[in-house]
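**Q** The sequence isn't on hand, but the structure is:
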């Protein structure tokens, strides 16, 4: 004798036994019975009635689309549909208990239907004599107990104290998506479940029932699960030391998902504890029950299909593939009606007849008896074969110049090969720069359409290779300022010369008188060319800018500031590389600068102490007269002397070389006097002053 409790009443007899059959296939839009047979028996002969029977879509339920209904009324039975729970309740129309046979008739007339045009998946139905939700995958029962404001610990204790047909209760431990949906979205209310991280913050465990100690989450919002968890958005967040798992109220984030709360929950609002979920089953010592049975309905459908299959050119066939969850695919020529033209039971696909144009076929998981099923269109595409035409059948290249190949395709792209058939593609596109060749070579063009169709034959392009004239390094040539130079580009085997001069000279040798870079294109008899470059530099003629005299040293300053380009001499016989002359005596000198590049010579006169700064006509025979240094060697030289007021005093020359400081025999006073020296007709006058001291 088994003693069990349910809904607060002690029972001392055995529970009924429920048996159901009927795993079926659903034709969209056509209601189907959830069972093909259903029976209730009881080991106790006196027990022949029940209060209610519950039919629930316990797995795969789609709220808003799926519905259960008692399509054929049964006398005395009232049917109530709860869309949130996916549950149809059958009970006496006046609250009375009904015989087993009445409920059997009612369950046998319960049908499933979907409002979706093309529903998918499998629906599992639980038929139970108790109010608790039954899940076949766990063989457990789940019951929501409303209790506004109950603490987690009180809920845990109340759940552990409850019994359901002899099964021991505990706060629910939800280990799968099916359990989470049944106890969340499909429960009649929300409340506590048996998860907590009170022992170790951030380590969430199931702490109730047979799964006590199992970790299901590590961390907070961005944590991870080693198996299954169903936290709501931004949960768990551990606000206010929240250590206990709770199914979130409807309308907050994800329907049926979880959040963490402190042990008492909020005093009101969405995060106030509303009750708790009790799970029954799996506890050691629990009785084996048969108060629930399950059936399934498979909703056939095409779960995968090729968008299209293609053939190149007419006169071909293609194989179309599709996959149905029932394993059999029916192929039709029309979107609606007709009979299957092929039934694929092996998954090998449907091979079309020979096609002359693109044709659409239709795949279905249903045979023609299900007229409401949606068929999936799959196109058998017939693509045109492209054609290819080369732009230049013969291409000439010179030396290491890579050949540029061109072709056009009626559609798609051009691909290039070195063989008429087979081989490895060397590139694609047009124009295409092929690798350089050293001998005559043939390349082949092939057209490939965007659909992958290939031209019937490859078209050839012949590359004729010729040697180019040998390359010559740039040639540097110098010429002297004021002259010209010949540029000689003569080369054996070259038949044509074209210079880049203004006149576009076409001879091997040209004369130039300007510095610069000159290029000439050299062409041989094969028409191959190379370019030779001459870099012409004009060398300046010597130009002495000045001679810097310091005491007895003279330094030659060149106008182009490149003294190293010249040699220097005072006698035009003996030359030195240094522009500096030292230890020179008083007198007039002529220095010569000669270009080391043989571009001419220049000269300039300079003086060393030519005019005395002071003279003292006092009769001591020392510096008593004024004269021009080295005057005997200057036959054309003259010196005009003036007093400080510009009055002419005397003129000295080769015959009258000295002045004694007198005028008309009378001594002139000590003062500064001015002079003008004219050495010859070409040398500029030299002006200055000196002092007469007495």
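**A** Received, thanks. This one's a predicted model, so the numbers in the text were calculated from it and none came from an experiment.
**Q** For the longest strand anywhere in the chain, which outside residues touch it?
**A** Across the chain, the strand with the greatest residue count (assigned by DSSP state E) is strand 529-539. Applying C-beta atoms under 8 Å, 6 or more residues apart in numbering, the set of residues contacting strand 529-539 from outside is 398-399, 468-472, 474-481, 485, 487, 489, 491, 512, 514-523, 565, 595, 597, 599. To be clear about C-beta, it is placed using only N, CA and C from the backbone, and glycine gets the same treatment.
**Q** List buried members of these by neighbour count.
**A** 398-399, 468-469, 479-480, 485, 487, 489, 491, 512, 515, 518, 520-523, 565, 595, 599 (16 or more other C-beta atoms under 10 Å).
**Q** All the helices of the protein, in order from the start?
**A** Counting by DSSP state H, the segments of the chain that form helices are 100-107, 152-161, 177-183.
**Q** What helices and strands are in contact with the longest one?
**A** Contacts defined by 3 or more C-beta pairs under 8 Å, 6 or more residues apart in numbering; DSSP states H and E place helix 152-161 against strand 140-146, strand 167-171, strand 192-196, strand 275-280.
**Q** Now, the contacts of strand 529-539 that are in strands?
**A** 398, 475-480, 485, 487, 512, 516-523, 595.
**Q** any idea how this structure splits into domains?
**A** Domain ranges of the chain: 4-134, 140-280, 300-383, 388-466, 475-539, 544-608, 614-692, per automatic domain parsing.
**Q** Residue 290: which of those is closest?
**A** Comparing the domains of the chain by their distance to residue 290 (C-beta to C-beta), the top pick is domain 4-134, with 4.4 Å.
**Q** tell me the mean pLDDT over the closest one?
**A** The pLDDT scores in domain 4-134 average 90.
**Q** same question, stretch 194-204
**A** pLDDT averaged over stretch 194-204 gives 96.
**Q** Next: stretch 351-371.
**A** 92.
**Q** And it, what's buried?
**A** For stretch 351-371, by 16+ other C-beta under 10 Å, it's 352, 355, 359, 361-366, 370.
**Q** likewise stretch 554-568?
**A** Those would be 554-556, 558, 563, 565-568, for stretch 554-568 by 16+ other C-beta under 10 Å.
**Q** distance between the ends of that stretch?
**A** Length of stretch 554-568, first residue to last, C-alpha to C-alpha, to the nearest Å: 12 Å.
**Q** Quick one: residues in contact with it.
**A** Counting by C-beta under 8 Å, 6+ apart, 539-540, 542-549, 575-581, 584, 589, 591-597, 604, 606, 608 sit against stretch 554-568.
**Q** again, 10 Å this time
**A** 539-549, 570, 574-582, 584, 589, 591-597, 599-602, 604, 606-608 (C-beta atoms under 10 Å, 6 or more residues apart in numbering).
**Q** Out of those, which end up buried?
**A** 539-542, 544, 547, 549, 570, 575, 579, 581, 584, 589, 591-595, 599-602, 604, 606-608.
**Q** rewinding a little: got the buried residues of stretch 351-371 as JSON lines, with distance to residue 329 columns?
**A** Listed next are those as JSON lines, based on distance: C-beta to C-beta, whole Å:
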{"residue": "352", "distance to residue 329": "14"}
{"residue": "355", "distance to residue 329": "20"}
{"residue": "359", "distance to residue 329": "17"}
{"residue": "361", "distance to residue 329": "11"}
{"residue": "362", "distance to residue 329": "10"}
{"residue": "363", "distance to residue 329": "5"}
{"residue": "364", "distance to residue 329": "7"}
{"residue": "365", "distance to residue 329": "7"}
{"residue": "366", "distance to residue 329": "10"}
{"residue": "370", "distance to residue 329": "14"}
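**Q** just these now: which is nearest residue 278?
**A** Distances from residue 278 to those, taken by C-beta to C-beta, are shortest for residue 365, at 39.9 Å.
**Q** Tell me the spacing between that closest one and residue 216.
**A** 37 Å (C-beta to C-beta, to the nearest Å).
**Q** do the same with residue 48
**A** 45 Å.
**Q** Now, the buried residues of stretch 554-568 that are in strands?
**A** Using DSSP E, these in strands are 554-556, 558, 566-568.
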